[in-house]
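Novice: sequence plus predicted model, see below.
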Amino acid sequence: MMKYIIACICFCVASLSFGQKKFDGELFPLEDYNVVLGTNSFYTKYQHTDDTKIIEQAKQTRALGSNILKISVSKKVLKDYGIKNEDVYDMMDVIDLIPDYDQVFQMDFKYYFMWFHTATGIKWKKGISKAQEDMLYKEMYDFTKHLLTTYNNTGKTFFIGNWEGDWLLHPQMKKKSIPSQEDVQNMTKWLQIRARAINDAKRTIAYENVQLYYYVEVNLAVKGMEGNTCVTKDILPHVDADFVSYSSYESSKKKDYETNKASLTNVLNYIESQLKPKEGLPFKRRVFIGEYGGHAFDDKPETFLRQFNNVKDIMQISLELDLPFVLHWQLYNNEYRKDGASKNMSLINEKGEKMPVFYLHHNYYKAINSYLKSYKAEHQTYPDRETFTKEALRVLDTVYKDVLKSHFNKI
(Lines give C-alpha, C1' and ligand atoms only; values in the text may rest on other atoms or scores of the structure.)
Protein backbone atom coordinates (compact mmCIF):
# COMPACT_ATOMS: atom_id res chain seq x y z
CA MET A 1 0.00 0.00 0.00
CA MET A 2 2.81 2.42 0.90
CA LYS A 3 4.44 1.83 -2.50
CA TYR A 4 1.11 2.64 -4.15
CA ILE A 5 0.74 5.88 -2.18
CA ILE A 6 4.28 6.97 -3.05
CA ALA A 7 3.66 6.17 -6.74
CA CYS A 8 0.46 8.20 -6.72
CA ILE A 9 2.15 11.18 -5.10
CA CYS A 10 5.04 11.07 -7.58
CA PHE A 11 2.72 10.82 -10.58
CA CYS A 12 0.41 13.58 -9.36
CA VAL A 13 3.36 15.92 -8.87
CA ALA A 14 4.61 15.04 -12.35
CA SER A 15 1.12 15.53 -13.76
CA LEU A 16 1.20 19.24 -13.00
CA SER A 17 3.59 19.79 -15.91
CA PHE A 18 2.08 19.56 -19.42
CA GLY A 19 4.85 18.28 -21.65
CA GLN A 20 6.42 21.42 -23.13
CA LYS A 21 3.72 23.68 -21.68
CA LYS A 22 2.39 24.36 -18.21
CA PHE A 23 -1.04 25.29 -17.00
CA ASP A 24 -0.95 29.03 -16.42
CA GLY A 25 -3.36 29.07 -13.48
CA GLU A 26 -3.12 28.20 -9.81
CA LEU A 27 -3.13 24.47 -9.06
CA PHE A 28 -4.88 23.45 -5.87
CA PRO A 29 -5.40 20.20 -3.93
CA LEU A 30 -8.70 18.38 -4.39
CA GLU A 31 -10.98 17.67 -1.47
CA ASP A 32 -12.31 14.14 -0.99
CA TYR A 33 -15.89 15.09 -1.88
CA ASN A 34 -18.27 14.79 -4.80
CA VAL A 35 -18.50 18.30 -6.29
CA VAL A 36 -21.02 17.02 -8.92
CA LEU A 37 -19.90 19.10 -11.91
CA GLY A 38 -17.46 17.47 -14.34
CA THR A 39 -16.42 17.15 -17.96
CA ASN A 40 -15.59 14.55 -20.62
CA SER A 41 -11.96 13.97 -21.64
CA PHE A 42 -11.96 12.04 -24.93
CA TYR A 43 -9.74 11.76 -27.98
CA THR A 44 -9.82 14.62 -30.46
CA LYS A 45 -7.82 15.63 -33.53
CA TYR A 46 -5.67 18.18 -31.71
CA GLN A 47 -3.16 18.26 -28.90
CA HIS A 48 -1.15 20.96 -27.13
CA THR A 49 1.66 18.97 -25.49
CA ASP A 50 4.08 16.15 -26.21
CA ASP A 51 2.19 13.75 -23.94
CA THR A 52 0.03 10.96 -25.30
CA LYS A 53 -3.60 11.94 -25.81
CA ILE A 54 -4.83 10.00 -22.78
CA ILE A 55 -2.24 11.50 -20.46
CA GLU A 56 -2.60 15.04 -21.84
CA GLN A 57 -6.32 15.22 -21.30
CA ALA A 58 -6.07 13.65 -17.85
CA LYS A 59 -3.49 16.28 -16.87
CA GLN A 60 -5.58 19.07 -18.36
CA THR A 61 -8.65 17.84 -16.48
CA ARG A 62 -6.69 17.70 -13.23
CA ALA A 63 -5.32 21.21 -13.79
CA LEU A 64 -8.86 22.38 -14.46
CA GLY A 65 -9.52 21.47 -10.83
CA SER A 66 -11.89 18.53 -11.30
CA ASN A 67 -11.75 15.36 -9.22
CA ILE A 68 -13.85 13.59 -11.90
CA LEU A 69 -12.32 11.99 -15.01
CA LYS A 70 -14.37 10.48 -17.84
CA ILE A 71 -12.48 8.66 -20.59
CA SER A 72 -12.83 5.89 -23.14
CA VAL A 73 -11.21 2.50 -22.54
CA SER A 74 -10.96 1.17 -26.06
CA LYS A 75 -8.74 -0.79 -28.40
CA LYS A 76 -8.99 2.15 -30.81
CA VAL A 77 -6.08 3.74 -28.96
CA LEU A 78 -3.76 0.98 -30.16
CA LYS A 79 -3.01 2.66 -33.49
CA ASP A 80 -1.54 5.66 -31.66
CA TYR A 81 1.01 3.30 -30.14
CA GLY A 82 1.77 1.30 -33.28
CA ILE A 83 0.10 -1.83 -31.94
CA LYS A 84 -1.89 -4.03 -34.32
CA ASN A 85 -5.35 -5.24 -33.38
CA GLU A 86 -4.24 -8.81 -34.04
CA ASP A 87 -2.21 -8.62 -30.82
CA VAL A 88 -5.35 -8.04 -28.74
CA TYR A 89 -7.96 -10.59 -27.70
CA ASP A 90 -9.78 -8.75 -24.94
CA MET A 91 -9.63 -5.47 -23.05
CA MET A 92 -7.12 -6.71 -20.48
CA ASP A 93 -4.65 -7.05 -23.36
CA VAL A 94 -5.20 -3.33 -24.03
CA ILE A 95 -4.66 -2.48 -20.35
CA ASP A 96 -1.44 -4.51 -20.35
CA LEU A 97 -0.17 -2.93 -23.58
CA ILE A 98 -1.13 0.68 -22.83
CA PRO A 99 0.28 1.85 -19.46
CA ASP A 100 -1.54 5.19 -19.81
CA TYR A 101 -4.74 3.78 -18.35
CA ASP A 102 -3.24 2.70 -15.05
CA GLN A 103 -1.24 5.93 -14.95
CA VAL A 104 -4.40 8.05 -15.04
CA PHE A 105 -6.11 5.69 -12.57
CA GLN A 106 -3.22 6.44 -10.20
CA MET A 107 -3.78 10.19 -10.39
CA ASP A 108 -5.68 11.90 -7.57
CA PHE A 109 -9.10 11.84 -9.19
CA LYS A 110 -11.80 10.45 -6.93
CA TYR A 111 -14.38 9.48 -9.57
CA TYR A 112 -13.68 7.73 -12.87
CA PHE A 113 -16.24 7.21 -15.62
CA MET A 114 -15.42 5.14 -18.67
CA TRP A 115 -16.97 4.00 -21.89
CA PHE A 116 -15.95 0.36 -22.00
CA HIS A 117 -16.58 -1.58 -25.20
CA THR A 118 -15.30 -5.02 -25.95
CA ALA A 119 -11.94 -5.68 -27.58
CA THR A 120 -12.96 -9.25 -28.49
CA GLY A 121 -14.41 -8.27 -31.85
CA ILE A 122 -17.79 -9.73 -30.92
CA LYS A 123 -20.73 -7.90 -32.53
CA TRP A 124 -23.80 -8.25 -30.33
CA LYS A 125 -26.18 -7.30 -33.16
CA LYS A 126 -25.25 -10.55 -34.89
CA GLY A 127 -26.29 -12.53 -31.84
CA ILE A 128 -24.22 -13.84 -28.94
CA SER A 129 -23.35 -17.54 -28.82
CA LYS A 130 -22.54 -19.34 -25.55
CA ALA A 131 -18.83 -19.21 -26.35
CA GLN A 132 -19.05 -15.48 -27.09
CA GLU A 133 -21.05 -14.91 -23.91
CA ASP A 134 -18.26 -16.56 -21.92
CA MET A 135 -15.67 -14.32 -23.61
CA LEU A 136 -17.62 -11.13 -22.93
CA TYR A 137 -18.27 -12.16 -19.34
CA LYS A 138 -14.61 -12.98 -18.68
CA GLU A 139 -13.42 -9.73 -20.24
CA MET A 140 -15.65 -7.62 -17.99
CA TYR A 141 -15.03 -9.76 -14.91
CA ASP A 142 -11.26 -9.52 -15.35
CA PHE A 143 -11.35 -5.75 -15.86
CA THR A 144 -13.52 -5.30 -12.77
CA LYS A 145 -11.14 -7.51 -10.80
CA HIS A 146 -8.18 -5.46 -12.02
CA LEU A 147 -9.71 -2.21 -10.80
CA LEU A 148 -10.88 -3.56 -7.46
CA THR A 149 -7.60 -5.26 -6.60
CA THR A 150 -5.12 -2.77 -8.08
CA TYR A 151 -6.88 0.20 -6.46
CA ASN A 152 -7.95 -1.54 -3.29
CA ASN A 153 -8.10 0.82 -0.29
CA THR A 154 -7.56 3.98 -2.36
CA GLY A 155 -10.98 5.59 -1.87
CA LYS A 156 -11.56 5.73 -5.63
CA THR A 157 -14.93 5.13 -7.29
CA PHE A 158 -15.17 3.66 -10.81
CA PHE A 159 -18.19 3.74 -13.13
CA ILE A 160 -18.18 1.39 -16.13
CA GLY A 161 -20.69 1.99 -18.91
CA ASN A 162 -21.32 2.42 -22.62
CA TRP A 163 -21.49 5.23 -25.16
CA GLU A 164 -24.93 6.52 -26.17
CA GLY A 165 -26.95 3.33 -26.14
CA ASP A 166 -29.74 4.45 -28.42
CA TRP A 167 -27.32 5.26 -31.22
CA LEU A 168 -25.90 1.75 -30.79
CA LEU A 169 -29.42 0.34 -31.03
CA HIS A 170 -30.98 2.50 -33.77
CA PRO A 171 -30.20 1.66 -37.42
CA GLN A 172 -27.85 4.23 -39.01
CA MET A 173 -28.07 6.18 -35.73
CA LYS A 174 -31.29 7.79 -36.97
CA LYS A 175 -33.73 8.98 -34.34
CA LYS A 176 -36.81 8.13 -36.42
CA SER A 177 -35.67 4.59 -37.23
CA ILE A 178 -37.33 1.67 -35.46
CA PRO A 179 -34.99 -0.90 -33.87
CA SER A 180 -35.91 -4.51 -34.58
CA GLN A 181 -37.01 -6.75 -31.73
CA GLU A 182 -34.04 -8.99 -32.51
CA ASP A 183 -31.66 -6.07 -31.94
CA VAL A 184 -33.48 -5.18 -28.71
CA GLN A 185 -33.08 -8.76 -27.47
CA ASN A 186 -29.41 -8.96 -28.47
CA MET A 187 -28.56 -5.62 -26.85
CA THR A 188 -30.41 -6.63 -23.70
CA LYS A 189 -28.37 -9.82 -23.52
CA TRP A 190 -25.11 -7.90 -24.07
CA LEU A 191 -25.87 -5.43 -21.27
CA GLN A 192 -27.05 -8.23 -18.97
CA ILE A 193 -23.75 -10.08 -19.46
CA ARG A 194 -21.80 -6.97 -18.52
CA ALA A 195 -23.92 -6.37 -15.42
CA ARG A 196 -23.65 -9.99 -14.30
CA ALA A 197 -19.87 -10.03 -14.70
CA ILE A 198 -19.47 -6.85 -12.64
CA ASN A 199 -21.87 -7.99 -9.93
CA ASP A 200 -20.21 -11.41 -9.71
CA ALA A 201 -16.75 -9.85 -9.45
CA LYS A 202 -17.88 -7.49 -6.69
CA ARG A 203 -19.41 -10.41 -4.79
CA THR A 204 -16.45 -12.81 -5.06
CA ILE A 205 -13.38 -10.52 -4.88
CA ALA A 206 -12.06 -9.23 -1.56
CA TYR A 207 -11.67 -5.44 -1.52
CA GLU A 208 -12.31 -2.43 0.69
CA ASN A 209 -12.41 1.35 0.36
CA VAL A 210 -12.79 1.24 -3.40
CA GLN A 211 -16.11 1.24 -5.22
CA LEU A 212 -17.22 0.21 -8.70
CA TYR A 213 -20.62 0.60 -10.36
CA TYR A 214 -22.22 -0.33 -13.66
CA TYR A 215 -24.23 2.15 -15.70
CA VAL A 216 -26.16 2.14 -18.96
CA GLU A 217 -26.12 5.31 -21.06
CA VAL A 218 -29.24 6.33 -22.99
CA ASN A 219 -29.86 9.29 -25.29
CA LEU A 220 -33.37 8.99 -26.77
CA ALA A 221 -35.47 8.59 -23.64
CA VAL A 222 -38.22 10.86 -24.95
CA LYS A 223 -39.09 8.16 -27.49
CA GLY A 224 -39.89 5.85 -24.60
CA MET A 225 -42.13 8.45 -22.99
CA GLU A 226 -44.01 8.58 -26.29
CA GLY A 227 -44.40 4.79 -26.34
CA ASN A 228 -41.75 4.09 -28.99
CA THR A 229 -38.87 1.62 -28.95
CA CYS A 230 -35.71 2.77 -27.19
CA VAL A 231 -33.19 1.59 -24.59
CA THR A 232 -34.96 3.27 -21.66
CA LYS A 233 -38.35 1.67 -22.29
CA ASP A 234 -37.44 -1.69 -23.79
CA ILE A 235 -34.04 -2.65 -22.35
CA LEU A 236 -33.28 -0.80 -19.12
CA PRO A 237 -35.99 -2.54 -17.04
CA HIS A 238 -34.36 -5.90 -17.83
CA VAL A 239 -30.75 -4.99 -16.90
CA ASP A 240 -29.37 -5.00 -13.37
CA ALA A 241 -27.73 -1.57 -13.65
CA ASP A 242 -26.66 0.57 -10.74
CA PHE A 243 -27.05 3.90 -12.53
CA VAL A 244 -28.19 5.44 -15.80
CA SER A 245 -26.25 8.08 -17.70
CA TYR A 246 -28.37 10.39 -19.82
CA SER A 247 -26.77 12.01 -22.85
CA SER A 248 -29.20 14.84 -22.62
CA TYR A 249 -29.12 16.92 -25.80
CA GLU A 250 -32.76 16.18 -26.65
CA SER A 251 -33.82 17.72 -23.32
CA SER A 252 -31.15 20.24 -22.30
CA LYS A 253 -30.92 22.60 -25.27
CA LYS A 254 -34.21 24.43 -24.82
CA LYS A 255 -34.56 28.20 -25.10
CA ASP A 256 -34.36 29.11 -21.40
CA TYR A 257 -33.75 27.89 -17.84
CA GLU A 258 -37.41 27.23 -17.02
CA THR A 259 -38.03 25.14 -20.15
CA ASN A 260 -34.83 23.16 -19.66
CA LYS A 261 -35.68 22.43 -16.03
CA ALA A 262 -39.18 21.26 -16.84
CA SER A 263 -37.92 19.09 -19.69
CA LEU A 264 -35.07 17.54 -17.72
CA THR A 265 -37.20 16.95 -14.64
CA ASN A 266 -39.76 14.96 -16.62
CA VAL A 267 -37.27 12.91 -18.61
CA LEU A 268 -34.92 12.15 -15.72
CA ASN A 269 -37.83 11.02 -13.54
CA TYR A 270 -39.04 8.77 -16.35
CA ILE A 271 -35.60 7.21 -16.87
CA GLU A 272 -35.21 6.57 -13.16
CA SER A 273 -38.63 4.90 -13.00
CA GLN A 274 -37.47 2.27 -15.51
CA LEU A 275 -34.60 1.01 -13.36
CA LYS A 276 -34.78 -2.28 -11.50
CA PRO A 277 -34.78 -1.67 -7.71
CA LYS A 278 -31.38 -1.87 -6.04
CA GLU A 279 -30.17 -1.26 -2.50
CA GLY A 280 -26.88 -0.03 -1.10
CA LEU A 281 -26.06 2.67 -3.65
CA PRO A 282 -24.16 5.79 -2.53
CA PHE A 283 -26.41 8.50 -3.96
CA LYS A 284 -30.05 9.40 -3.49
CA ARG A 285 -30.65 9.45 -7.23
CA ARG A 286 -29.63 6.82 -9.79
CA VAL A 287 -29.64 8.93 -12.93
CA PHE A 288 -27.02 11.48 -13.92
CA ILE A 289 -26.25 13.61 -16.98
CA GLY A 290 -23.37 12.07 -18.90
CA GLU A 291 -23.35 14.70 -21.66
CA TYR A 292 -24.70 18.18 -22.23
CA GLY A 293 -23.45 21.29 -24.00
CA GLY A 294 -23.96 23.34 -27.12
CA HIS A 295 -22.33 24.70 -30.26
CA ALA A 296 -20.69 28.10 -30.70
CA PHE A 297 -19.18 29.51 -33.88
CA ASP A 298 -16.37 31.98 -34.47
CA ASP A 299 -18.36 33.68 -37.24
CA LYS A 300 -21.37 34.03 -34.93
CA PRO A 301 -20.01 35.66 -31.74
CA GLU A 302 -23.43 35.80 -30.10
CA THR A 303 -23.52 31.99 -29.95
CA PHE A 304 -20.77 31.93 -27.31
CA LEU A 305 -22.95 33.80 -24.81
CA ARG A 306 -25.87 31.52 -25.59
CA GLN A 307 -23.64 28.48 -25.05
CA PHE A 308 -22.24 29.90 -21.80
CA ASN A 309 -25.68 30.65 -20.36
CA ASN A 310 -26.98 27.20 -21.28
CA VAL A 311 -24.04 25.48 -19.59
CA LYS A 312 -24.59 27.47 -16.41
CA ASP A 313 -28.32 26.68 -16.47
CA ILE A 314 -27.76 22.93 -16.80
CA MET A 315 -25.20 23.03 -13.98
CA GLN A 316 -27.71 24.85 -11.77
CA ILE A 317 -30.61 22.59 -12.69
CA SER A 318 -28.55 19.46 -11.99
CA LEU A 319 -27.62 20.72 -8.53
CA GLU A 320 -31.24 21.66 -7.84
CA LEU A 321 -32.45 18.22 -8.97
CA ASP A 322 -29.88 16.53 -6.71
CA LEU A 323 -28.24 14.60 -9.55
CA PRO A 324 -25.05 12.83 -8.45
CA PHE A 325 -23.11 14.08 -11.50
CA VAL A 326 -23.43 16.31 -14.55
CA LEU A 327 -20.64 15.99 -17.14
CA HIS A 328 -20.09 18.70 -19.76
CA TRP A 329 -19.16 17.80 -23.35
CA GLN A 330 -16.22 18.28 -23.45
CA LEU A 331 -12.62 19.27 -22.58
CA TYR A 332 -11.44 19.42 -26.24
CA ASN A 333 -13.72 19.94 -29.23
CA ASN A 334 -14.38 17.05 -31.61
CA GLU A 335 -17.22 18.43 -33.77
CA TYR A 336 -16.87 20.51 -36.97
CA ARG A 337 -19.17 21.99 -39.59
CA LYS A 338 -19.03 20.77 -43.16
CA ASP A 339 -16.85 23.78 -44.01
CA GLY A 340 -14.36 22.69 -41.36
CA ALA A 341 -15.28 25.36 -38.81
CA SER A 342 -15.09 24.28 -35.18
CA LYS A 343 -18.34 23.93 -33.28
CA ASN A 344 -16.39 24.94 -30.15
CA MET A 345 -17.85 22.29 -27.85
CA SER A 346 -14.79 22.61 -25.65
CA LEU A 347 -13.28 24.09 -22.54
CA ILE A 348 -9.95 24.46 -24.38
CA ASN A 349 -10.07 25.09 -28.12
CA GLU A 350 -7.84 24.11 -31.02
CA LYS A 351 -5.58 27.13 -30.42
CA GLY A 352 -5.09 26.24 -26.78
CA GLU A 353 -7.34 29.11 -25.68
CA LYS A 354 -9.39 28.62 -22.53
CA MET A 355 -13.03 29.37 -23.23
CA PRO A 356 -15.50 31.13 -20.90
CA VAL A 357 -16.98 27.73 -19.97
CA PHE A 358 -13.47 26.67 -18.88
CA TYR A 359 -13.36 29.48 -16.33
CA LEU A 360 -16.92 28.72 -15.22
CA HIS A 361 -15.74 25.24 -14.26
CA HIS A 362 -12.28 26.17 -12.98
CA ASN A 363 -13.47 29.02 -10.78
CA TYR A 364 -16.25 26.84 -9.38
CA TYR A 365 -13.77 24.09 -8.49
CA LYS A 366 -11.39 26.54 -6.86
CA ALA A 367 -14.07 28.17 -4.74
CA ILE A 368 -15.88 24.99 -3.77
CA ASN A 369 -12.65 23.19 -2.78
CA SER A 370 -11.73 26.16 -0.61
CA TYR A 371 -15.16 26.01 1.02
CA LEU A 372 -14.90 22.26 1.65
CA LYS A 373 -11.43 22.61 3.14
CA SER A 374 -12.55 25.38 5.50
CA TYR A 375 -15.75 23.58 6.46
CA LYS A 376 -13.88 20.39 7.36
CA ALA A 377 -11.29 22.31 9.38
CA GLU A 378 -14.06 23.95 11.40
CA HIS A 379 -16.41 20.98 11.79
CA GLN A 380 -13.99 18.00 11.51
CA THR A 381 -16.22 16.61 8.79
CA TYR A 382 -17.51 17.56 5.36
CA PRO A 383 -20.99 19.11 4.95
CA ASP A 384 -24.06 17.01 4.30
CA ARG A 385 -25.48 17.02 0.81
CA GLU A 386 -28.15 19.66 1.49
CA THR A 387 -25.65 22.08 3.01
CA PHE A 388 -23.17 21.48 0.19
CA THR A 389 -25.79 22.01 -2.52
CA LYS A 390 -26.86 25.33 -1.05
CA GLU A 391 -23.26 26.55 -1.07
CA ALA A 392 -22.54 25.06 -4.51
CA LEU A 393 -25.47 27.00 -6.00
CA ARG A 394 -24.26 30.20 -4.37
CA VAL A 395 -20.70 29.62 -5.67
CA LEU A 396 -21.95 28.80 -9.16
CA ASP A 397 -24.01 32.00 -9.29
CA THR A 398 -21.03 34.07 -8.13
CA VAL A 399 -18.51 32.63 -10.58
CA TYR A 400 -21.06 32.82 -13.39
CA LYS A 401 -21.50 36.54 -12.84
CA ASP A 402 -17.74 37.07 -12.59
CA VAL A 403 -17.03 35.27 -15.87
CA LEU A 404 -20.00 36.92 -17.55
CA LYS A 405 -18.55 40.31 -16.68
CA SER A 406 -14.92 39.52 -17.50
CA HIS A 407 -15.51 37.67 -20.80
CA PHE A 408 -18.76 39.15 -22.15
CA ASN A 409 -18.69 42.58 -20.50
CA LYS A 410 -22.12 41.93 -19.05
CA ILE A 411 -23.38 42.25 -15.50
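Specialist: Received, thanks. Since the structure is predicted, the reported quantities are computational estimates derived from the model, not experimental observations. Numbering: from 1, shown residues only.

Novice: not counting its neighbours along the chain, what's nearest residue 261?
Specialist: Taking Cβ to Cβ, 6 or more residues apart in numbering as the measure, residue 261 lies nearest to residue 317, with 4.8 Å between them; neighbours along the chain are not counted. Using the backbone N, CA and C atoms, a C-beta is placed for each residue, glycine as well.

Novice: pLDDT at that neighbour, what is it?
Specialist: The predicted structure scores residue 317 at 98 on the pLDDT scale.

Novice: which residues of the chain score low on pLDDT?
Specialist: Across the chain, residues meeting the criterion (pLDDT under 70) sit at 1-26, 411.

Novice: where exactly do the strands run in it?
Specialist: With DSSP state E as the criterion, the chain has strands at 17-18, 21-22, 37-39, 68-73, 111-116, 157-161, 211-218, 243-247, 287-291, 326-328.

Novice: what residues of the third one count as buried?
Specialist: Applying a neighbour-count criterion of 16 or more other Cβ atoms under 10 Å, the buried positions in strand 37-39 are 37, 38, 39.

Novice: spatially nearest residue to the last one (excluding sequence neighbours)?
Specialist: Yep, that's residue 39 we're talking about. residue 328 (4.7 Å).

Novice: now for the one you found, how many residues are close by?
Specialist: The number of residues packed near residue 328 is 24, by other Cβ atoms under 10 Å.

Novice: ok, now residue 405?
Specialist: Neighbouring residues of residue 405 were enumerated by other Cβ under 10 Å; the total is 11.

Novice: what's the answer for residue 251, then?
Specialist: Once other Cβ under 10 Å is used to define contacts, residue 251 is seen to have 23 neighbours.

Novice: for residue 70, same thing?
Specialist: There are 29 residues near residue 70, going by other Cβ under 10 Å.

Novice: grab the nearest non-local neighbour of it.
Specialist: Of all residues not flanking residue 70 in the chain, residue 113 sits nearest, at 3.9 Å (Cβ to Cβ, 6+ apart).

Novice: what sits against the residue nearest the centre of the chain?
Specialist: Nearest residue to the geometric centre of the chain (Cα atoms, centre = their mean): residue 70, 3.9 Å. Residues counted as contacts of residue 70 (Cβ atoms under 8 Å, 6 or more residues apart in numbering) are 38, 39, 40, 41, 42, 112, 113, 114, 290, 327.

Novice: which among these end up buried?
Specialist: By 16+ other Cβ under 10 Å, those give 38, 39, 40, 41, 42, 112, 113, 114, 290, 327 as buried.

Novice: so what's the residue count around the closest residue in space to the fourth one that isn't next to it in sequence?
Specialist: By the measure of Cβ to Cβ, 6+ apart, the closest residue to residue 41 outside its immediate chain neighbours is residue 57, 4.0 Å from it. Neighbouring residues of residue 57 were enumerated by other Cβ under 10 Å; the total is 27.

Novice: quick check: residue 57 touching residue 331?
Specialist: Yes. Shown here, residue 57 and residue 331 form a contact pair, counting by Cβ atoms under 8 Å, at 5.7 Å.

Novice: overlap of the contact sets of those two?
Specialist: Overlap of the contact sets of residue 57 and residue 331 (by Cβ under 8 Å, 6+ apart) consists of 41, 42.

Novice: distance to residue 155 added to the buried ones among the contacts of residue 70, as JSON lines?
Specialist: Formatted as JSON lines, the entries for the buried ones among the contacts of residue 70 read as follows, by distance: Cβ to Cβ, whole Å:
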{"residue": "38", "distance to residue 155": "17"}
{"residue": "39", "distance to residue 155": "21"}
{"residue": "40", "distance to residue 155": "23"}
{"residue": "41", "distance to residue 155": "21"}
{"residue": "42", "distance to residue 155": "25"}
{"residue": "112", "distance to residue 155": "12"}
{"residue": "113", "distance to residue 155": "16"}
{"residue": "114", "distance to residue 155": "18"}
{"residue": "290", "distance to residue 155": "23"}
{"residue": "327", "distance to residue 155": "20"}
